[in-house]
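**Q** Give me a model of this one.
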Amino acid sequence: MTGMISELAKIRALRDQFVPETQTSVMDRAINDLVASGIRNSCLRAGDRVPDFSLPSIRGEQVNVRTLLLSGPIVLSFYRGGWCPYCNIELRALQQVLPEIERLGASIVAVSAELRNRQVESERENALTFPVLTDLGNDVARLFGIVYELDEDLLQVYRERGHELETANGPQGANTLALPATFVINQSGTIRLAYINEDYAERLSTDEILRALKTLSE
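**A** Numbers count the residues shown, from 1 in each chain. Predicted coordinates for the structure are as follows:
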């Protein structure tokens, strides 16, 4: 078990131990509902072409995916926000393997629907040196098929826990999230690995990311 996967499991265990069952039952039902909805069947997958998109970085620069691909493959990570402890664990793990990813000629780009000031906090707290892009309203995430609407009972649980989405994402993202997802995209713009999971506590291991990138250079 990699360090990131182990850390994710510990946080999930702490949630089950300390978060009231009235809240965890709502969270878990929402995960089960997402699985039942079949949302993963409509998401982009390996073999699909990555949509052409541009998003602003937290520095205010417009970043275009096709321009990035001119320099090499991309690891594209959609995360829920800095309020999500599982996302922060994943972001730190990606930062740790960034030197290895760059040695393979690739780069990392992270995307969330959070307002820019919130993303700046995440960048600082997680010591990130790769680009973080702002997808207000989850418009680009929709192109990947990974956006879903939260029921009111789940939104209320998040409010009770201090994670009000309207505060984090602005009014345009007040009731939607993107599934945490990781895409490894080759230089021609084809998705070679797509990891999407309805359970926000499950993430793609960095070992698998590195293995996918190594196959691109073989």
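**Q** Please name the spatially closest residue to Cys84 (chain neighbours excluded).
**A** Leaving aside its chain neighbours, Cys84 sits nearest to Tyr200 (6.8 Å; criterion: CB to CB, 6 or more residues apart in numbering). Yep, even glycine has a C-beta here, placed from its N, CA and C like the rest.
**Q** Verify the assumption that that neighbour is located in a strand.
**A** No: applying DSSP: H, G, I helix; E, B strand; the rest coil, one finds Tyr200 to be coil, outside a strand.
**Q** any idea how far it lies from Arg103?
**A** Applying CB to CB, to the nearest Å, the value for Tyr200 to Arg103 is 30 Å.
**Q** Same check on Glu123?
**A** If you go by CB to CB, the gap between Glu123 and Arg103 works out to 23 Å.
**Q** So for these two, which residue has more residues nearby?
**A** Glu123 (21 against 10; other CB atoms under 10 Å).
**Q** quick one: low-confidence ranges for the protein?
**A** Scanning the chain with the threshold set as pLDDT under 70 gives 1, 218.
**Q** Helices along that one, start to end?
**A** 3-18, 21-37, 65-69, 85-103, 116-125, 139-143, 152-160, 165-169, 206-216 (DSSP state H).
**Q** Reformat these as a markdown table; add distance to Arg59.
**A** A markdown table is the format used below for those (distance: least, CB to CB, whole Å):
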| stretch | distance to Arg59 |
| --- | --- |
| helix 3-18 | 27 |
| helix 21-37 | 33 |
| helix 65-69 | 15 |
| helix 85-103 | 17 |
| helix 116-125 | 9 |
| helix 139-143 | 18 |
| helix 152-160 | 28 |
| helix 165-169 | 19 |
| helix 206-216 | 25 |
